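A.B. asks: sharing a model that was predicted from the sequence below.
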Amino acid sequence: MIEDRPETHPITKSEVAFAGRIWNVQRETVDYPTGEITREFVAHPGAVAVVAVDDAHRVLMISQYRHPVREVLWEIPAGLCDVAGEPRIETARRELLEETGYIAETVEPLIEFYTTPGGNDEKISIFLARGLKFVGHDLELEGEEIDMTVHWVPLNEAVQSILASKVKSPAAQVGLMALALKWGPNAAASE
């Protein structure tokens, strides 16, 4: 089995090139074995996403406007790791409730990935949620979340939409394909 490995190199200079509301652009100069290099990247707090699935193998998805790509994307519930000290699994539970009004009986790690490791240090941890119960929520949503809608989609349909490039959210792609592979081809086709 192949495996990524941690590796660090001395940082000789580090500065915030741009300070944003949610993330910053960091500029770092690194003493690399082949010579000094300078890189700029988005310093991101990290995020979680949730593949919430019911007994009929339907997944809970949301559709939400994403301004940078100017599309309404099909996504899985997700959110920033923006509460200091909060374990990622609890962030996943919180985001599932905030975005969909559902709580889960069980939540377990499914897969992790870096969104764009060449220019961003964001790591997304995806969790599998089962035993869902709708409890609603009384949060005041803002921005694009105001008209976000929640849908139950058969896993097989979601996978086929990913393979046809009709679902382009990376967290949805990684999470739903990981679940389909974990469960095998008969699980996704059993709806």
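C.D. replies: Perfect, thanks for sending it. Numbering: from 1, shown residues only.

A.B. asks: am I right that Pro170 is in contact with Thr115?
C.D. replies: Yes: judged on Cβ atoms under 8 Å, Pro170 makes contact with Thr115 at a distance of 6.0 Å. (Each C-beta comes from the backbone N, C-alpha and C, glycine too.)

A.B. asks: tell me, what's touching those two both at once?
C.D. replies: Shared contacts of Pro170 and Thr115 (Cβ atoms under 8 Å, 6 or more residues apart in numbering): Ile124.

A.B. asks: what about the residue lying closest to Thr29 once chain neighbours are set aside, how many neighbours?
C.D. replies: Nearest residue to Thr29, sequence neighbours excluded (Cβ to Cβ, 6 or more residues apart in numbering): Lys13, at 4.0 Å. Neighbours of Lys13 under the rule other Cβ atoms under 10 Å: 11.

A.B. asks: looks to me like Lys13 is in a helix.
C.D. replies: No: in this structure, Lys13 is strand, not part of a helix, as judged by DSSP: H, G, I helix; E, B strand; the rest coil.

A.B. asks: from Met1, how far out is it?
C.D. replies: According to Cβ to Cβ, to the nearest Å, Lys13 and Met1 sit 37 Å apart.

A.B. asks: what about Leu179, which SS state?
C.D. replies: Here Leu179 is helix, with the state taken from three-state DSSP.

A.B. asks: that one against Val53, yeah?
C.D. replies: Yes: between Leu179 and Val53 there is a contact under Cβ under 8 Å: 7.0 Å.

A.B. asks: shared neighbours of the two, anything?
C.D. replies: The contact sets of Leu179 and Val53 overlap at Val59, Leu128, Leu155 (Cβ under 8 Å, 6+ apart).

A.B. asks: sweet, I'm off.
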